[in-house]
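[1] sequence and predicted model, in that order:
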Amino acid sequence: MPKYSPQRATLPNGLRVVTQRVLGAPAVGVAVHYGVGFRSEPYGRSGFAHLFEHMMFQGSRNVAKGEHFSLVQAAGGSVNGSTYPDHTDYHQVTPCDALERVLYLEADRMASLDVTEANLRTQRDVVKEEIRLNVDNRPYGGFPWTVLPAVLYGTWVNAHNGYGDFEDLDRATVAECAEFFAAHYAPGNAVVTICGDIDPGRALDAAARYFSGVLARAVPERAVLSETLPGPLWGCVHDRLAPRPATALGYRMPDPVTNLVGYVANMVLSTLLTTGERALLKQALGETSIDVSSGCGLFGPLHARDPDTFVMVATHSPQVSSEQIARGVQETLQKVAQGAVEENVLGRAVAVTVSRLHQGLDSLMARTRSLGARELLFGRPGLGETLPELVAATTAPQVSAAANGLCSQAPAVLSLLAERTAR
């Protein structure tokens, strides 16, 4: 579908608005991104950002509890929210004639969320059940994103489990929720994105009508995330449901703000290592590994500020140690760093990475969320659309430099010990 460049504007209360016209889009996407995530949580309140994502659907001054969902769905749309290390987003796709309804709903809860003891108690139980379902009662649940940061990073803000510990969730109070909302859910800490076959000027006018009445509040200082790179780090977790052991390796990545080319080269490197049957790391590990994967960012590329994590995960037999996996990874990275990659192999990795990026923006929901996240995190809403070009221009020396950047580090190595033997 033909599309136009994203348009940006800032309202007097500090709210940023991003619009993009996509000709022929059959619906409209609306997202609100707030600059708050796992790494914004106060010490001893792990899981607070995710808990608050749930609280945001519990009603506001003019919208009853659960009505946000029902009104969007009644219009023929879909709606949800997600929490990441540095942002939380609320997103919906609806028919175009429901745009103003969605803007009204989002503005109302930005201005006047209903924070009550009953809502907190209910959503605390919902979040606990979600953790039980996705982590406690699932093989490899939460592995490695809930546990690897504690091995790779040293500061609590970077290292703690963003899903949350039950004791921390139980200690959360209504007063803390109100303070959290006032501090982080201010218009100056948010981006509203509207994407579809819309007139950008009219969409901006509509956003201004609904959000200009939200009072400006002080925006919190961004958490200090930088920390020194530690020496060799090893950790271990037990999984009573996993049929086989697994090993996760974590590395620091280049800062995409100061070294986007280096970050993008890591994306190609990830594809080169683990995508396809002929992937370098799959060949290197051979029969020692049953499955191996890798990726930039615990939640995907450019979904977090610096420091971000390059992660590799291998599932293997009990006869294979994490030390063997780590050694195989290191040897493979060294070969890439020395330039031992055939031109056609690298070309395939570049092509596959470009294709994935294009596919990732195929849906209106994904495009809307990408615009908002990249504006909030990096001030570049169109970054997702320019990534394929950057990847396509990636050279062999750049990929070698990316591999050298990883193998020159002492990685975090996390062993998952399977307590159930495979049948």
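    Arrived safely, thanks for sending. Numbers count the residues shown, from 1 in each chain.
[2] these two touch, right, Phe299 and Tyr84?
    Yes - the criterion here is Cβ atoms under 8 Å, and Phe299 meets it with Tyr84 at 5.6 Å. In short, each C-beta sits where N, CA and C put it, glycine included.
[3] who has more neighbours out of those two?
    Neighbours were counted for Phe299 and for Tyr84 using other Cβ atoms under 10 Å; Tyr84 has more, 23 against 18.
[4] who's in contact with the more buried one?
    Going by Cβ atoms under 8 Å, 6 or more residues apart in numbering, Tyr84 touches 37-38, 299, 303-304, 373.
[5] next one: Leu346
    Going by Cβ under 8 Å, 6+ apart, Leu346 touches 268, 272, 396, 399.
[6] so the first one makes contact with Ala349?
    It refers to Val268. Yes - the criterion here is Cβ under 8 Å, and Val268 meets it with Ala349 at 5.4 Å.
[7] overlap of the contact sets of those two?
    Val399.
[8] picking that back up, how about a markdown table for the contacts of Tyr84, with distance to Val63 and secondary structure added?
    What follows is the contacts of Tyr84, written out as a markdown table (distance: Cβ to Cβ, whole Å; DSSP: H, G, I helix; E, B strand; the rest coil):
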| residue | distance to Val63 | secondary structure |
| --- | --- | --- |
| Gly37 | 24 | coil |
| Phe38 | 27 | helix |
| Phe299 | 29 | coil |
| His303 | 29 | coil |
| Ala304 | 31 | coil |
| Ala373 | 25 | helix |
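[9] could you identify the most distant pair in those residues?
    Spatially, the most separated pair among the contacts of Tyr84 is Phe38 and Ala373, at 14.7 Å (Cβ to Cβ).
[10] after the helix or strand harbouring Glu130 comes which helix or strand?
    Using DSSP states H and E, Glu130 maps to helix 117-131. Later in the chain than helix 117-131, the nearest helix or strand by DSSP H and E is helix 149-152.
[11] and that following helix, what's buried?
    Judged by neighbour count using 16 or more other Cβ atoms under 10 Å, the buried positions of helix 149-152 are 149-152.
[12] next: stretch 202-211.
    203-204, 206-208, 210-211.
[13] wait, Gln123 touches His50, no?
    No - checked against Cβ under 8 Å, the pair Gln123 and His50 is beyond contact range at 9.9 Å.
[14] with neighbour numbers in mind, choose between these two.
    Taking neighbours as other Cβ under 10 Å, Gln123 and His50 compare with His50 leading, 25 against 22.
[15] distance of Tyr191 from Thr88?
    Residue 191: Val, not Tyr. 11 Å (Cβ to Cβ, to the nearest Å).
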